[in-house]
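J.: How does the following fold in three dimensions:
(chains A, B, C and D)
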Protein chains: 2
Amino acid sequence: MSAVLPPLPTPPDAHEPELLQLGLPEDEPCLRADAARNRARLLEAATRLVAEHGAAGVTMEAVAAAASVGKGTVFRRFGDRTGLLTALLDHSERNFQAAFLSGPAPLGPGAPPVDRLRAFGHALLRRSGDEMDLMLAAEPSPERRFTPAPRRVHHSHVTLLLRQARPEADSELLAQALMGYLDPATIHHLTRRCHMPLERLEKGWDDLVARLTCADPPR
Amino acid sequence: MSAVLPPLPTPPDAHEPELLQLGLPEDEPCLRADAARNRARLLEAATRLVAEHGAAGVTMEAVAAAASVGKGTVFRRFGDRTGLLTALLDHSERNFQAAFLSGPAPLGPGAPPVDRLRAFGHALLRRSGDEMDLMLAAEPSPERRFTPAPRRVHHSHVTLLLRQARPEADSELLAQALMGYLDPATIHHLTRRCHMPLERLEKGWDDLVARLTCADPPR
DNA sequence: ACTTTAAGCGGACCTCGGTCCGCATCATTA
DNA sequence: TAATGATGCGGACCGAGGTCCGCTTAAAGT
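T.: Got it, this is the predicted structure:
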């Protein structure tokens, strides 16, 4: 919708501009001085609100007020609420991406793909366990669930590892199935609602990975 | 939230009252005459709105107006928007449940569990292909994604079949992984955004089922 | 038929996400 | 330093979901 402003075909850093395969988002292309200052203030204010009232307390108006900034500014900078929340997860996301893209094995490169897949799942499970409420709140509407850049990066990564482990398979689809298991909503459901311990989820993940990557065709 | 009215611990038929394992939702326990009439009017109005403007056009106020009824009445009857949308899917859902609970094999009872699982996936894929927009619109917030009764029924069913096929496995978790693949948002993403043909999804499902149900432990 | 009462009704009201547009401000060029 | 666009800013405004509460009415009891 919109796209009325010529220089803004898409909101500035709504969902992390172009990190795609391995580039992490630039720390803002070339933001005007006041804009950059306001951005920092907004993120700080939002962080404080999360700490005080949880993710549910992060209202666009509240954030704007807490940062002494107009509401329009928040939207201009982050596009929408999920954009702001996603930006709040940026630090954690960078660390995570750094870990599986260039960190030590088995999560990073160097280990066999199956081990890396296992490690990836465990890492994501733990991370979700921590920032659960933020991740849930940052979830876009179903139509856009897979459009935010972090998701796409995770998906590509898993697809890649899968392709290495089983070149003949439909890695795209397999990756989709695997990522479904790691969806924040799923994890929330299993751990918080069904009270499953994390170890059980990890065990389940390992089993899943093993079965989806073993070479010989079933039956 | 709410639970202020003593006789209404949860909205009447917000998400299909108690069909649980195999009971389909009663056609309304004991609704007062005018209430039943209004309910019918509302559903009819909503259906018309969907036909005319798509699921996005189904505004609570619009439905109320189209049914010549107060807005409060809509909420009293259906709890919230997702409740109304879910009710709209009720017919289709009943048919589907009837098919896999007591219809002809291989979807219904009589076939080996693996075949039933395969059939179940294909059936759900097709159904989602049809009522896609309604199903997406009826998706609740991430925290509640798994609370609507239909989902729970599907999950139980898959868990059951899985347990029959592989009694020693963690069927709950496996079912979760399988159901993730059949999530409306996922299907929407793969078919509409990535333009994958349905056959590919079906093939992927079959592969998934085969690998998750084959007896011998991998590696 | 009359009373009673719980269920139902309606729409004013609130909150919050998102848009719009006139005005201010930064950066650039002269 | 002054002029001048482009970029950013702010907050009034809108629409939609959801709540509230006083009034109405169906239906069960007498």
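J.: So residue A:64 belongs to a helix, correct?
T.: Yes: membership of residue A:64 in a helix is supported by DSSP: H, G, I helix; E, B strand; the rest coil.
J.: Just the pLDDT at it, thanks.
T.: At residue A:64, the model reports a pLDDT of 98.
J.: Equivalent analysis for residue A:214, please.
T.: We note a pLDDT of 89 for residue A:214 in this prediction.
J.: got it, and residue A:196?
T.: So residue A:196 comes in at 98 (pLDDT).
J.: Kindly report the same for the one 5 residues further on.
T.: The per-residue pLDDT reported for residue A:201 equals 98.
J.: buried stuff in the helix or strand containing it?
T.: Assessed by DSSP states H and E, residue A:201 sits inside helix A:198-213. Residues A:201, A:204, A:205, A:207, A:208, A:209, A:210, A:211, A:212, A:213 are the ones in helix A:198-213 that count as buried (16 or more other CB atoms under 10 Å in any protein chain shown). In this view, the C-beta of every residue, glycine as well, is placed from N, C-alpha and C.
J.: Break down chain A into its helices, ranges please.
T.: A:33-53, A:60-66, A:71-78, A:81-88, A:90-102, A:113-130, A:132-138, A:149-165, A:171-181, A:184-188, A:198-213 (DSSP state H).
J.: Could you break chain A into its assigned domains?
T.: Per the record, chain A has its domains at A:33-79, A:90-213, by automatic domain parsing.
J.: so of those domains, which one's packed in deepest?
T.: Of these, the one with the most neighbours on average (mean count of other CB atoms under 10 Å in any protein chain shown) is domain A:90-213, at a mean of 18.
J.: and it with DNA strand C, contact?
T.: No: against DNA strand C, domain A:90-213 shows no contacts by CB under 7 Å from any atom of the strand, the least distance being 8.2 Å.
J.: So is that domain next to DNA strand D?
T.: No: remark: domain A:90-213 sits outside contact range of DNA strand D, by CB under 7 Å from any atom of the strand, the gap being at least 12.0 Å.
J.: distance between the ends of that domain?
T.: Separation of the first and last residues of domain A:90-213 by CA to CA, to the nearest Å is 31 Å.
J.: quick one: is stretch A:88-105 near chain B?
T.: No: Stretch A:88-105 stays clear of chain B (CB under 8 Å from any CB of the partner chain), getting no nearer than 14.4 Å.
J.: what's that stretch in contact with?
T.: A:16, A:19, A:22, A:24-25, A:43, A:46-47, A:50, A:107-111, A:115-116, A:119-120, A:123-124, A:127, A:130-131, A:134-135, A:138, A:150, A:153, A:157 (CB atoms under 8 Å, 6 or more residues apart in numbering or on different chains).
J.: got it, and stretch A:37-45?
T.: Stretch A:37-45 has contacts (CB under 8 Å, 6+ apart) with A:28, A:31, A:63-64, A:66-69, A:73-74, A:77-78, A:84, A:87-88.
J.: try it again with 7 Å
T.: For stretch A:37-45, contacts defined as CB atoms under 7 Å, 6 or more residues apart in numbering or on different chains pick out A:31, A:63, A:66, A:67, A:69, A:73, A:74, A:77, A:87, A:88.
J.: my read: the second one touches residue A:49, true?
T.: Just to be clear, that refers to residue A:63. Yes: the pair residue A:63 / residue A:49 is scored as a contact, 6.2 Å apart, by CB atoms under 7 Å.
J.: And the closest residue to chain B within chain A, how far from residue B:197?
T.: Proximity of chain A to chain B (CB to the nearest CB) peaks at residue A:180, 2.6 Å away. Distance, residue A:180 to residue B:197, using CB to CB, to the nearest Å: 20 Å.
J.: Residue A:208 now?
T.: Taking CB to CB, one finds residue A:208 at 25 Å from residue B:197.
J.: cool, and residue A:109?
T.: 34 Å.
J.: and what of residue A:75?
T.: From residue A:75 to residue B:197 the distance is 38 Å (CB to CB).
J.: Any residues of chain A in contact with chain B? List them.
T.: Counting by CB under 7 Å from any CB of the partner chain, chain A comes close to chain B at A:136, A:139, A:142-143, A:145-146, A:170, A:173, A:176-177, A:180-181, A:183-186, A:188-190, A:204, A:208, A:210-212, A:214, A:218-219.
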